[in-house]
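Trainee: attaching a predicted model along with its sequence, questions to come.
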Amino acid sequence: DIRSANTDAIAGIPNDDWDVLEGEDGVQLHGAESPSYMYMAFNCNDGATTNPEVRRAVAHAFSMEEFIQENGENVTSPMYSPVPPVVNEVWGFPEEEYQDLLPEYDPDEAESLLNEHAPDGWEPTIITPEGIRAQLAERIATRLDEIGYGADVQVLDFATLVDTYVTGEADDYEMYLLGWTGGPDPDFYLYSLFHESQAGVNQGHFYEGSDGFHEDILAARQSADQEERYELYEPVIREIVEELPALPAFTQDNTMASRDYVQDLQAHPEVTNNPRVISDYANVSLE
């Protein structure tokens, strides 16, 4: 236990524990914004969520901003596209425009769209791992219930979830929550999570896309010219934000806490580098 000094350092601070540890004598907190991308994907292969109006309705039905403030404010940041903010700092895609394109919380609009485009009594299955993503799934189900619909939330172990979301069958899921992390290039996210070659592998939305959507992702992967790649990627990202095969949720910080006698411990943006005891940027020691 870090508070009783039985442990020198811990990683992965839960949101609710951050405030507790922040006021604890003898404890230091460490955080770094990560290149992680947490999202809710829609089944675009089968079921009601093949209709983008149904996908927009679900996005209108709840407030992602409110959920993050209540459940992850200390350890997460909102996202407005599939490219994490720490990656976008290098590339400069217009995040504010994407934020404006995403559906705002509007339960009346959500109900109107579902009444028009979803089956009567629609109750989609949402599959999710445990933790904050399960909390998000439950929030979505609650808000859908408030407008006369609802959702069946199934919290699955990771192996079962992976076996399930690749089927593309609406009987298995119409929405799923997962996450991804990569490096400083949009390719890590756009090729792996949206190119058609990865359908049923890294993705279960099976999004067909507009003419040129998949070709542009591949062309950008094969180009070494950053300006050319920007011009290819930007319409792809905009289409994802507008058509919502996956709704961006949040990026998680990499967090650690240590006793004050632990010197030079630093949180690295890439989770696999934590904790790095000896590196070119830190040399951790006990005082």
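Mentor: Sure thing, it's come through.
Trainee: which stretches of the chain have low pLDDT?
Mentor: 1-2, 10, 12-13, 15, 18-19, 21, 30-32, 75, 255-257, 262-286 (pLDDT under 70).
Trainee: what residue lies at the spatial centre of the chain?
Mentor: Against the mean C-alpha coordinate of the chain, by C-alpha atoms, centre = their mean, the closest residue is Met38 at 1.2 Å.
Trainee: parallel or antiparallel, list what pairs with the helix or strand containing it.
Mentor: In the assignment (DSSP states H and E), Met38 maps to strand 36-42. Note on strand 36-42: by DSSP bridges, its sheet partners are strand 175-181 (antiparallel), strand 246-259 (antiparallel).
Trainee: can you lay out the ones you listed as JSON lines showing distance to Glu70?
Mentor: For glycine as for every other residue, the C-beta is placed from the backbone atoms N, C-alpha and C. As requested, the strands paired with strand 36-42 are exported to JSON lines (distance: least, C-beta to C-beta, whole Å):
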{"stretch": "strand 175-181", "distance to Glu70": "17"}
{"stretch": "strand 246-259", "distance to Glu70": "12"}
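Trainee: most residues in a single helix of the chain, which one?
Mentor: The longest helix of the chain (DSSP state H) is helix 226-243.
Trainee: show me what that one is packed against.
Mentor: helix 95-101, helix 187-194, helix 213-222 (3 or more C-beta pairs under 8 Å, 6 or more residues apart in numbering; DSSP states H and E).
Trainee: just those helices: most buried one?
Mentor: helix 187-194 (a mean of 21; mean count of other C-beta atoms under 10 Å).
Trainee: returning to that earlier point: between the longest helix of the chain and helix 213-222, how big is the angle?
Mentor: Angle of helix 226-243 versus helix 213-222, following axes from the mean of the first three to the mean of the last three C-alpha atoms, to 10 degrees, is 150 degrees.
Trainee: with only the CA atoms kept, save helix 226-243 in CSV.
Mentor: Taking Å, rounded to 0.1, in the frame of the first residue of the first chain, the C-alpha atoms of helix 226-243 are listed here in CSV:
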residue,chain,number,x,y,z
GLN,A,226,4.1,14.3,-44.6
GLU,A,227,2.1,17.0,-46.5
GLU,A,228,0.8,14.5,-48.9
ARG,A,229,-0.1,12.1,-46.1
TYR,A,230,-1.9,14.9,-44.2
GLU,A,231,-4.0,15.6,-47.3
LEU,A,232,-4.9,11.9,-47.6
TYR,A,233,-5.6,11.4,-43.9
GLU,A,234,-7.7,14.5,-43.1
PRO,A,235,-10.8,13.5,-45.2
VAL,A,236,-10.5,10.0,-43.7
ILE,A,237,-10.6,11.3,-40.2
ARG,A,238,-13.4,13.7,-41.0
GLU,A,239,-15.5,10.8,-42.5
ILE,A,240,-14.9,8.7,-39.3
VAL,A,241,-16.1,11.7,-37.2
GLU,A,242,-19.1,12.3,-39.4
GLU,A,243,-20.2,8.7,-40.1
